[in-house]
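Quick check, what structure comes out for this input:
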Amino acid sequence: MQFGDYRVEIVPDAEFRLDGGAMFGVVPRTLWSRVSAPDEENRVRLTTNCLYVEAGGERVLVETGLGDKWSEKQAEMYGIERRRSLGESLLALTGCAPEDVTVVVNTHLHFDHAGGNTLLDERGRPAPAFPNARYFVSREEYEHAEAPHERDRASYLPENWRPLHASGQLELKPADYEVVPGLSLETVAGHSRTMQCVRLERGGRTLYGFADLVPTRAHIALPWIMGYDLFPVETLEAKRRLLPQAAREGWLCLFYHDADAPLCRLVEEEGKLRAVGSEESQDGFIPGE
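Next comes the predicted model:
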């Protein structure tokens, strides 16, 4: 779809499943199960919706999903279901092959956001999946990923970024920066101290990618916060600030982990926010089709 003078597409990677209690924190199962039905192992269905932005001579991919480097045991544990590789989806939906991508951006380096940064080469070693791209991540996130603590250590897999450092493709950025004119990353504390959200502003319109701050439409309600968040009170404050603004200003909202309708707009009715379909989805824009 066109977003101002830029082309924008949503490129889904694999679907996967995480524990519903962890995904919804203090919200009781009797409530969250009404909007996100769990499987027999109490896991809820999620996906990874990467953002492709074609801006002049740059082909930018924000996030790279889960990647393909999972063992059979790990794939079963996370309920990973894949129709095709991220590179194949990217080519099918955008016409851009992995070697044509010029910039890859990670909001943070958790395995479900940076897993597709690398793939296994013919010797079975992790190598850059986008051989001609510059990879951007904030310096603070990189430093945290290299020295995580017990609470989030399992989410950081060094094979997703160290090969990029070795190849010279990894560029460490400040807490807030611009990728191309109008496309910026801003650090928003809550999920962690160093996770970033994505803002695209073109032609008087705003597209905002909430990353893990608001992972799905089911998390729009202010107290519906993941148990994974390191600083849930800060998540709450960020949601209280950003979500009403998104509704007032008509932002197109990207919910990275929503398996059914990742692009929505928000409306406020009787003091409550809810997601509604965007004009883009009503015109036939269905990610993954």
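
buried ones in the strand or helix carrying residue 245?
When elements are assigned from DSSP states H and E, residue 245 belongs to helix 232-249. Buried residues in helix 232-249, counted by 16 or more other CB atoms under 10 Å: 232, 234-236, 238-239, 242-243, 246-247. C-betas here are computed from N, CA, C, even on glycine.

Then stretch 101-109?
For stretch 101-109, the neighbour count (16+ other CB under 10 Å) marks 101-109 as buried.

Equivalent analysis for stretch 23-31, please.
Applying 16+ other CB under 10 Å to stretch 23-31 flags 23-25, 27 as buried.

got it, and stretch 171-184?
Under 16+ other CB under 10 Å, the buried positions of stretch 171-184 are 173, 179-180, 182-184.

tell me the contacts of residue 176?
Residue 176 is in contact with 184-187, counting by CB atoms under 8 Å, 6 or more residues apart in numbering.

Out of the residues you listed, the closest to residue 63 would be?
Proximity of these to residue 63 (CB to CB) peaks at residue 185, which lies at 11.3 Å.

my read: that closest one touches residue 196, true?
Yes. Between residue 185 and residue 196 there is a contact under CB atoms under 8 Å: 4.4 Å.

neighbour count winner among those two?
residue 196 (28 against 25; other CB atoms under 10 Å).

ok, back up a step: among the contacts of residue 176, find me the one that's closest to residue 13.
Among the contacts of residue 176, residue 185 lies closest to residue 13 (CB to CB), at 19.6 Å.

what's in contact with stretch 191-201?
Stretch 191-201 has contacts (CB under 8 Å, 6+ apart) with 3, 6, 8, 51, 53, 62, 105, 107-108, 138, 140-141, 144, 152, 175, 182-189, 206-213, 226, 228-231, 235, 242, 254.

Now do the helices in the stretch 101-250 of the chain.
Assigned by DSSP state H, counting those that start in this stretch, the helices in the stretch 101-250 of the chain fall at 111-114, 139-146, 162-167, 232-249.
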